[in-house]
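**Student:** sequence and predicted structure are below.
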Amino acid sequence: MPLDTSAYSLALLRVDGRRWNELRRIHAQIRTQAAADGSSYLEMGHTKVMCVINGPSEPGPRRGATSGGGGGGGQSKNAEVAVNIVIAGFSSVDRKRRGRGDKHILELQSTISQALAASLHTHLFPHSTINISLHVLSQDGSLLAALINAATLACVDAGIPMTDYVAACTAGSTSTYAANDEGADPLLDMNHQEEQELPGLTVATLGDSDRVAVLVCESRVQVSRLEGMLAVGVDGCKQVREILDRVVREKGIKMIQEGTVERGVGLNDMELD
Amino acid sequence: MASSQHVLLSPAELAYLHASLSLTPPIRPDGRSPTQFRPLVAETGILPGTNGSARICFADGTEAIVGVKAEVERTRTRHDFPSLDESAEDDDDLDDNQNDVVKGDNDWVEMTVEIPGYRDDDAGTVFLSAMLSEALLADGEFTKRLWINQRFHWKLYLDILLISPPLSYPLPLLSLTTHLALLAARLPRLKSEGDEDPLFDDDWAAAPYLYPRPSEKGSKATAPAPAARPPVTLLVMAVGNNIIFDPSKEELAVADVALAVSVGESSSSTTTTTTSTTSSKPTAMDIDTEETKGHNLRLLSVRTIDPPSRLTPPGIPNASNSAYGANAGAKDTEKKKQQQEQARTAESEAVEGVWKAPRGGAKTLVMATMVQKVLEKGGVADEVLDALDGVDLN
């Protein structure tokens, strides 16, 4: 299924009708699951993921290596962030079942685990484990970015202290061949079709700053384009952070209005509409 | 797995729980009546990328998502064709094409269960998926729905995800979610005829449901098999002579017997042993079912489940644990026998207020009543199916 890249240069519109710097629709919810300590649901376009967090808690009996352990083991001074990703068989267009030992999933797990372990205050919970299980319900590109965003939201819901949001986003570049170098535009938030055809990277930043927490690039790309892609990606992360922040604030206001949580000190200046 | 997990309750707490559950009527910790289910929230059609999907959330917070995905697969040519006279008996009204025998194969359905924190080859997970697929395949009618023509069939993948941590034994939750997902499942309408390579209608709105709706009379008449609903598997347990449905984890910890009862529904008015032969006169049957109240339930399978009460509770000294050779110390057989008898009386002596694991098998009468309570008209299975009828299938 060749992507019609020539059409992009004509109208500067991508296959799904976006401009180069436009995100897809992001819809998120937190506290979707009553039984867990923290939970979230996130849609980026047609990519849909759910996150459920249990912990920080004492580690139970170990059942094999299910985690890409970041931040040390159960006996260390820091909490272990154990990430478990389940990619549902029905999530992609053609059903493809991945086993638990799949290399791709293991890599995603360890990336997320390390990124979160760096941003969470794991030193506050010695000898404990934070279990993050992520469920992929539907895939349409930017999977790692969606997983990181969902995990961040669930961590906020679980009330685990963290330095700032880890917001992630993908960036790509039009035209794969080197000859067209000066005509290449960076693209923000790639969907599945673009990911198949074009070079791309996933970038996650810490909050409002330009500090990059995760940078994953799995395709060949000309070095000259990398800077542009990264700049667009970091800019996208800031937009994503705004969206995540809005979701958290809206839920917080709702919970105060419903009386689930008491209005804290210093919240009076927050407008409750 | 979740069924054999110990609950962290003291012997006194367990004894209290057991005592209150054996009262008449039993008093359950959450105040439900013995046949009452936990309230649940259900929705279907949540994932447009699947043929059918459903999500159920129980009030205790456990949540499951099921997605059904179908692929066209070439049927392996089989050499064990049924003898000609048998097929002629089966479908005398389809005599223009005598090879047109609708038949299915259990390989056409693949079911996987994912429970967070457990490996997919964990014994409990495998047992759960075996129980669920067993109920689905029990009457052999389901796979007939997947038949396209002599050369092709649908391969149905059922992926069952438990989203929440397994707080209680997830069997009823997973079964109900699978039921809804199958009810919501649709397959593209076939445009080609006979044994050609299958060609399907692009229009998803025209796609017929895998389990045709009762309101759509036309599609029902052409349905290959009469069974109207996918099966549901209910968890039933007994404490003393009390029969309790949909037990929570704590209740399961003091169960004498736990059964997984799978119930299906046949739309024909004759209750049992209805086979594909009744499909020749569907219109009369339709009218019958609409007139009779309730569902025509049929038992598909029964499985006993090891409740955690059957396990040796934690904190039992090895000296009185038979798994560690409790009476191995005695040398001569007479002394050994004596010691064994002593140990037995010590163990079987009931002490008020101290929990003791039930010994011996389940009473046959209790087991029979459990199954009967599920199946009776206006019983629990009836109620559950009625409640699931209320879920909007979009």
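**Tutor:** Looks like it came in fine.
**Student:** give me the distance between whichever residue of chain A sits closest to chain B and B:Thr62.
**Tutor:** Nearest residue of chain A to chain B, counting by Cβ to the nearest Cβ: A:Ala35, 2.7 Å away. Quick note: C-beta positions are derived from backbone N, CA and C, even for glycine. Look at A:Ala35 and B:Thr62: by Cβ to Cβ, to the nearest Å, they are 6 Å apart.
**Student:** the helices in chain A, which residues?
**Tutor:** A:5-11, A:103-119, A:143-158, A:192-197, A:223-258 (DSSP state H).
**Student:** got CSV for the ones you listed, with mean pLDDT, mean neighbour count and distance to chain B too?
**Tutor:** CSV is the format used below for the helices of chain A (pLDDT from 0 to 100; neighbours: other Cβ atoms under 10 Å in any protein chain shown; distance: least, Cβ to the nearest Cβ, whole Å):
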stretch, mean pLDDT, mean neighbour count, distance to chain B
helix A:5-11, 67, 12, 24
helix A:103-119, 93, 19, 12
helix A:143-158, 96, 27, 12
helix A:192-197, 88, 18, 11
helix A:223-258, 92, 17, 17
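**Student:** one step back: number of nearby residues for the residue nearest to the residue of chain A closest to chain B when sequence neighbours are not counted?
**Tutor:** Excluding its sequence neighbours, the residue lying closest to A:Ala35 (Cβ to Cβ, 6 or more residues apart in numbering or on different chains) is B:Gly61, at 2.7 Å. Neighbour count for B:Gly61, taken as other Cβ atoms under 10 Å in any protein chain shown: 16.
**Student:** then the one 10 residues further on?
**Tutor:** Each residue near B:Glu71 was counted by other Cβ under 10 Å, and the total is 12.
**Student:** so it: helix, strand or coil?
**Tutor:** In terms of secondary structure, B:Glu71 is strand; the call rests on DSSP: H, G, I helix; E, B strand; the rest coil.
**Student:** ok, back up a step: got the phi and psi for the residue nearest to A:Ala35?
**Tutor:** phi 100, psi -10 (degrees, to the nearest 10).
**Student:** next one: A:Gly45
**Tutor:** According to degrees, to the nearest 10, A:Gly45 has phi 60, psi -130.
**Student:** grab the nearest non-local neighbour of it.
**Tutor:** A:Arg24 (3.5 Å).
**Student:** how close does the one you found sit to A:Ala213?
**Tutor:** Relative to A:Ala213, and taking Cβ to Cβ, A:Arg24 is found at 21 Å.
**Student:** show me the strands in the stretch 1-150 of chain B, by range?
**Tutor:** B:40-44, B:52-58, B:63-74, B:109-114 (DSSP state E, counting those that start in this stretch).
**Student:** which other helices and strands contact the helix or strand hosting B:Met367?
**Tutor:** For B:Met367, the element it lies in under DSSP states H and E is helix B:364-375. Secondary-structure packing of helix B:364-375 (3 or more Cβ pairs under 8 Å, 6 or more residues apart in numbering or on different chains; DSSP states H and E): strand B:227-239, strand B:242-245, strand B:257-266, strand B:297-304, helix B:380-389.
**Student:** in that helix, what's buried?
**Tutor:** By neighbour count with 16 or more other Cβ atoms under 10 Å in any protein chain shown, helix B:364-375 contains the buried residues B:366-367, B:370-371, B:373-375.
**Student:** same thing with stretch A:40-51?
**Tutor:** Per 16+ other Cβ under 10 Å, stretch A:40-51 contains these buried residues: A:40-51.
**Student:** could you pull up the residues touching residue 202?
**Tutor:** All of this refers to chain A. A:142, A:144-145, A:168-170, A:214-217, A:233 (Cβ atoms under 8 Å, 6 or more residues apart in numbering or on different chains).
**Student:** ah, I was thinking of chain B
**Tutor:** B:Asp202 sits in contact with B:Pro188, where contact means Cβ under 8 Å, 6+ apart.
**Student:** who touches A:Ser119 in this structure?
**Tutor:** Contacts for A:Ser119 (Cβ under 8 Å, 6+ apart) come out as A:162-164, A:166, A:206, A:213.
**Student:** oh, that last question was meant for A:Ile105, not what I typed.
**Tutor:** Counting by Cβ under 8 Å, 6+ apart, A:Ile105 has contacts A:85, A:87, A:98.
**Student:** what do you get if the cut-off is 6 Å, keeping everything else the same?
**Tutor:** A:Ile105 is in contact with A:85, A:98, counting by Cβ atoms under 6 Å, 6 or more residues apart in numbering or on different chains.
**Student:** buried ones among the contacts of A:Thr202?
**Tutor:** The buried subset of the contacts of A:Thr202 - by 16+ other Cβ under 10 Å - is A:142, A:144-145, A:168-170, A:214, A:216, A:233.
**Student:** Throw those into TSV and include distance to B:Pro198, thanks.
**Tutor:** Shown next, in TSV, are the buried ones among the contacts of A:Thr202 (distance: Cβ to Cβ, whole Å):
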residue	distance to B:Pro198
A:Ser142	34
A:Leu144	37
A:Ala145	38
A:Ala168	42
A:Cys169	42
A:Thr170	38
A:Val214	45
A:Val216	41
A:Gly233	44
